[in-house]
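1. What shape does this take:
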Amino acid sequence: MNGEKLGGVVLKIDEDTQHNEVVHLYTNANAHGKGIGTKAWQGFKIVEFLHRGNPGPDFEVDETKPDTEYEFFHFKKVMD
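-> Residues are numbered from 1 along each chain as shown. Predicted structure coming up:
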């Protein structure tokens, strides 16, 4: 807004597949409550819920950890 930095994003780019990953998406505290985070998330869809029974390909289940360690949403956004 008016040239002020309001947040940022860290991306993991896969040049071969072009299936990229949002590692971190954040807004600065002074930007909270202005709808900026909501606008940043527009177009993302939940495509999978990862949990202990469906931990995803990159996780090994550790039975000593609580279920919440494995609960994540997998979001996807197709950009033209």
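
2. Specify the beta-bridge partners of the residue minimising distance to the centre of the chain.
-> With distances taken as C-alpha atoms, centre = their mean, the residue of the chain nearest its centroid is V22 (5.2 Å). V22 has these beta-bridge partners by DSSP bridges: L11.

3. Contacts only, for it.
-> V9, V10, L11, F75 (C-beta atoms under 8 Å, 6 or more residues apart in numbering). Every C-beta, even on glycine, is put in place using the N, C-alpha and C of the backbone.

4. quick one: the strands in the protein?
-> For the chain, applying DSSP state E gives strands covering 7-12, 21-27, 45-50, 72-76.

5. Nearest to K39, out of the ones you listed?
-> strand 21-27 (10.0 Å; C-beta to C-beta).

6. which of the residues in that closest one are buried?
-> T27 (16 or more other C-beta atoms under 10 Å).

7. and it, C-alpha only, in CSV?
-> Output of strand 21-27 as CSV, limited to C-alpha atoms (Å, rounded to 0.1, in the frame of the first residue of the first chain):
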residue,chain,number,x,y,z
GLU,A,21,5.6,-24.6,-3.2
VAL,A,22,4.7,-21.7,-0.9
VAL,A,23,7.0,-22.3,2.1
HIS,A,24,6.0,-19.2,4.1
LEU,A,25,3.4,-16.5,3.5
TYR,A,26,3.1,-13.7,5.9
THR,A,27,1.9,-10.2,6.5
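
8. Test my guess that F72 contacts L50.
-> Yes. Counting by C-beta atoms under 8 Å, F72 does reach L50; the two are 4.5 Å apart.

9. and stretch 60-71, average pLDDT?
-> For stretch 60-71, mean pLDDT is 81.

10. Actually, stretch 4-15.
-> Stretch 4-15 comes out at a mean pLDDT of 90.

11. hmm, who's touching stretch 45-54?
-> Against stretch 45-54 from outside (C-beta under 8 Å, 6+ apart): G56, F59, V61, D67, Y70, E71, F72, F73, H74, F75, K76, K77.

12. and it, how far apart are its ends?
-> By C-alpha to C-alpha, to the nearest Å, the extent of stretch 45-54 from end to end equals 18 Å.

13. Brilliant, that's me finished.
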